[in-house]
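A.B. asks: Got a predicted model here, sequence first, then my questions.
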Amino acid sequence: MVEKYVTDKEYETYFSSLNGLRGRIVGELTIKSGMNILDVATGYGFFALEIVERGKDLKITGIDITKSNVENSKKNIKKRNFGEQIEVKQ
């Protein structure tokens with residue numbers, strides 16, 4: 001088994017090096033219109049954004065214990081105009 005750790009600086013671009021892994025994972029989820037979804041350890045909010053971009057009428061709550069992750073996820077969500085659908089809490 002190989003473990004890889006990334007720095008905060010590398011985190012934002014790390015998943016792009018995995019050839020669409022995040023999208024493939026989200027594609028395997030059974031997501032139905034109107035669902036409320038809890039994203040535990042949301043990090044920078046990228047999985048929540050990937051889910052909500054699937055065009056469903058969804059409400060996602062992301063939680064994370066790290067203040068900087070919560071702040072970064074809120075910035076990413078605001079940048080992509082999904083503030084009405086995704087809420088992030090610490």
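C.D. replies: Alright, I've got the coordinates. Residues are numbered from 1 along each chain as shown.

A.B. asks: can you map out the strands along the protein?
C.D. replies: For the chain, applying DSSP state E gives strands covering 36-40, 59-63, 86-89.

A.B. asks: Could you check how far the helix ranked longest in the chain is from the centre of its chain?
C.D. replies: In the chain, taking DSSP state H as the definition, the longest helix is helix 67-79. Here helix 67-79 is found 10 Å from its chain centre; the criterion is CA atoms, centre = their mean, to the nearest Å.

A.B. asks: That one to strand 59-63, inter-axis angle?
C.D. replies: 160 degrees (axes from the mean of the first three to the mean of the last three CA atoms, to 10 degrees).

A.B. asks: mind listing what's buried in helix 67-79?
C.D. replies: Asn69, Val70, Asn72, Ser73, Lys74, Asn76, Ile77 (16 or more other CB atoms under 10 Å). C-betas here are computed from N, CA, C, even on glycine.

A.B. asks: Can you pull out the low-pLDDT segments for this protein?
C.D. replies: Applying pLDDT under 70 to the chain flags residues 1, 4, 11-12, 15-17.

A.B. asks: can you tell me how far Lys75 sits from Asn36?
C.D. replies: Distance, Lys75 to Asn36, using CB to CB, to the nearest Å: 23 Å.

A.B. asks: Now the terminal residues of stretch 31-38, how far apart.
C.D. replies: Stretch 31-38 has an end-to-end distance of 12 Å (criterion: CA to CA, to the nearest Å).

A.B. asks: Lys74 reaches Val88, doesn't it?
C.D. replies: Yes: counting by CB atoms under 8 Å, Val88 is a contact partner of Lys74 at 5.5 Å.

A.B. asks: Please enumerate the shared neighbours of these two.
C.D. replies: Residues touching both Lys74 and Val88 by CB atoms under 8 Å, 6 or more residues apart in numbering: Gly45.

A.B. asks: What's the separation between the residue nearest to Gly83 when sequence neighbours are not counted and Glu28?
C.D. replies: Leaving aside its sequence neighbours, Gly83 sits nearest to Ile77 (CB to CB, 6 or more residues apart in numbering; 5.7 Å). Distance, Ile77 to Glu28, by CB to CB: 23 Å.
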